[in-house]
Structure formats: C-alpha cells, structure tokens
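Chemist: From the sequence below, what's the structure:
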Amino acid sequence: MERALDAKHFVDKPKAEVTACLQCHSVATKCDSCHSRHKFSAAEARRPEACITCHSGPPHPDDETYFNSAHGQLYLKEGENWDWSKPLKKGNYSAPTCAYCHMDEGKHQVADKSIWKFGLKEINPLTSGNEIKRKKWVKLCADCHDEKWSAEQLKVMDKERKKTWEKLYQAEKILKDLRTRKKLFPSVEQRPPYPGDEDDNLIKFERIGFFEGQASAFYNVSPIERDYFDMWYFGNLGAYKGSAHGDNSFVKKWHESMDENLKDIKIKAEKLQQSGKIKADTKIIKDIWHKGEYTEFNRENN
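Modeler: Next up, the predicted model:
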C-alpha cells in the first residue's frame, strides 16, 4: 500500500481516484479482501473468485489466463461439486486454484515463489534464490504432474520471457536514439513536469525504459513513447501471465500485439528521424498541457 501511495503516478491523481486504487492495493493490510468479513471462511477464500476481484483486467489478466488454462477449465466444469472445506493439499482437489499454487501450506506471502518478479523487469532466472524457488514450484506441481515435465514448463516460461525482453530492448534502443538526436516531440522542455517533479528542474530528460522510471509513462509523453509503454505494460504482462498460467492462446495474442507495437514504433521513428527540427512555440504547447478542467481541479485539490 505504501509503495502504491508513494509512486509518482499516484501523487498527481485526484484523491477519489487513489481511494479506488487502494481498494486493491491495500490487500496486505486487511483480511476481508479475500475473506468476506461476516463469514470469514477459508472455504470462500480458496476459490479463484476471491482473487479475481482484484487480479483481473489488462495490467494483470490473471482471471482470463487461469480460466482459459486446462486447470481453469476443469475448475469451471467441476468446481461447484468440490468440497471447499478441505485444506489445499495433494489429493483434495482435482485441479489447482490460485490459492492452491500461490498459498501452498497456508502461506499468506503470495509472492513467495515469484521467479520473474511479475514480468515487470528482466532478472536472472538462474540465481541461487530463484533455483530454490524453482524447486518449490516443481515440488508443488508434482502433486499432480511428473517432476521432469514440471521443470520443463518453467524453462518454457524462461524462453518466453527472453523473447519478450529482446523485443522490448529493440524498442527502447530506438527511443533512446531518438532522444539523443532530440527528435522526440513534444520534447521534455515542452511538457509539464513528471508527477512530483518541479517545473524548473535544471536537468530534464525523457525517461525511457523501466530503470529510468517507466511508470511515469502514464503521463506527459510523446505518442511513440506511449506505444512503448503499451508494449511494455500491456503486451508484456499479458504474455507473461499467459505463459505462467499455461494459456498459450494468450501468449500468442500478446506477442502478436507487441510485434505490431514494435512495427509502429519503427515506422514512427523513421519519420521522426527524417524530419527537420520541429518548430513549435514551447509556451503555447505548455499552456495546452497546463490548462484544462482536470488539471485545474488537481492543482487546487491535491
């Protein structure tokens, strides 16, 4: 919850909007997100519906990818007849749910075994820490599957992640080259400051890529930067969730989407490279950005 409140793209939002965000992002501070407060039933929280209240939608399509997978299809077909009072242990359920995989042995640290950090940044999947996590995943999957087969599925996800980041780095390189040549429009001098920054900062630069503050791409970016953000945030996460949950149709769909994003980025970049210096009145552009009902409301109320 603190991370959500401190993020720059939260700072500039109207308070009512942030309150809506925190309905999900405060999950770690209260139990009634997963257990309805009157029943407070473990059986209720074991069902996937307890998780998809928050884990759904474009940035985290866990609901679609789970229900499209073989596990989810089996749940949809048989789940109403399962005895949900049973613990999440081998032999009690014919297919796993979110809680079965992410909260095995009753652990409430649902990110405990995360290898790929939710797909948001590239990491080394073969560190000693991740090797331990892999063994935990294989042990869990072996409740129903062969251990060797289970380990191979993690390697399939590794290949998908490598393929994704190769595409993202291609796009990032193109944007950084445009930045070096001062071809991005509107330029950083013509935009309002990033949320939380001052307008009179001496050093200004367009933030490109995850490690330069990718989350800030929610705001005041050029069209080609927004294409990259869509590619990184929606295409990347969709492909990752599809791979992690065993929904190959989702992997295919979002890799095709990223391919289209990359194609558009290359076309736009070619046009920008060939263009002369774009002449535009910086003050007029900044006035357009700085004025408007939404902007004035934020300035007065946040």
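
Chemist: What is the burial count for S150?
Modeler: 18 (other CB atoms under 10 Å). No exception for glycine: its C-beta is placed from N, CA and C like everyone else's.

Chemist: Other residues contacting stretch 186-193?
Modeler: Contacts to stretch 186-193, defined as CB atoms under 8 Å, 6 or more residues apart in numbering, come from residues 199, 201, 204-206, 220-222, 280, 282, 285-286, 289-290.

Chemist: let's go with 6 Å and repeat that
Modeler: D199, K204, E206, N220, T282, I285, W289, H290 (CB atoms under 6 Å, 6 or more residues apart in numbering).

Chemist: and the residues you listed as JSON lines, adding neighbour count and pLDDT?
Modeler: JSON lines is the format used below for the contacts of stretch 186-193 (neighbours: other CB atoms under 10 Å; pLDDT from 0 to 100):
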{"residue": "D199", "neighbour count": "10", "pLDDT": "74"}
{"residue": "K204", "neighbour count": "15", "pLDDT": "81"}
{"residue": "E206", "neighbour count": "22", "pLDDT": "86"}
{"residue": "N220", "neighbour count": "18", "pLDDT": "74"}
{"residue": "T282", "neighbour count": "12", "pLDDT": "71"}
{"residue": "I285", "neighbour count": "17", "pLDDT": "74"}
{"residue": "W289", "neighbour count": "14", "pLDDT": "72"}
{"residue": "H290", "neighbour count": "13", "pLDDT": "73"}
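
Chemist: so where is this protein shaky, pLDDT-wise?
Modeler: For the chain, the stretches with pLDDT under 70 are 3-4, 9, 11-12, 28, 213-219, 277-280, 294, 302.

Chemist: what's the domain layout of it?
Modeler: 42-48+56-112, 157-301 (automatic domain parsing).

Chemist: Could you report the neighbour count for S69?
Modeler: 21.

Chemist: go on, L5?
Modeler: 13.

Chemist: Also P96?
Modeler: Counted with other CB under 10 Å, P96 comes out at 22.

Chemist: same question, the one 4 residues further on
Modeler: With neighbours defined by other CB under 10 Å, the count for Y100 comes to 19.

Chemist: which SSE is H60 in?
Modeler: Per DSSP states H and E: H60 is located in neither a helix nor a strand.

Chemist: For the remainder of this discussion, apply numbering that starts at 91.
Modeler: Okay, residue one is now 91; in that scheme the one you just asked about reads as H150.

Chemist: Select, out of the domains of the chain, the one closest to P104.
Modeler: domain 247-391 (6.3 Å; CB to CB).

Chemist: can you map out the helices along the stretch 241-390 of the chain?
Modeler: 313-320, 326-335, 338-364, 372-380, 383-391 (DSSP state H, counting those that start in this stretch).

Chemist: most packed of those helices?
Modeler: Comparing the helices of the stretch 241-390 of the chain by mean neighbour count (mean count of other CB atoms under 10 Å), helix 326-335 ranks first with a mean of 24.

Chemist: Now do that one: everything it contacts.
Modeler: Applying CB under 6 Å, 6+ apart, the contact partners of helix 326-335 are 149, 151-152, 155-156, 159, 209, 247, 250, 254, 340-341, 344-345.

Chemist: hmm, try it at 8 Å
Modeler: With CB under 8 Å, 6+ apart, helix 326-335 has contacts from 148-152, 155-156, 158-159, 161-162, 206, 208-210, 246-247, 250-251, 254, 258, 337-341, 343-345, 347-348.

Chemist: circling back: could you dump the helices of the stretch 241-390 of the chain into TSV with distance to K229 added?
Modeler: Below are these laid out as TSV (distance: least, CB to CB, whole Å):
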stretch	distance to K229
helix 313-320	37
helix 326-335	17
helix 338-364	24
helix 372-380	53
helix 383-391	50
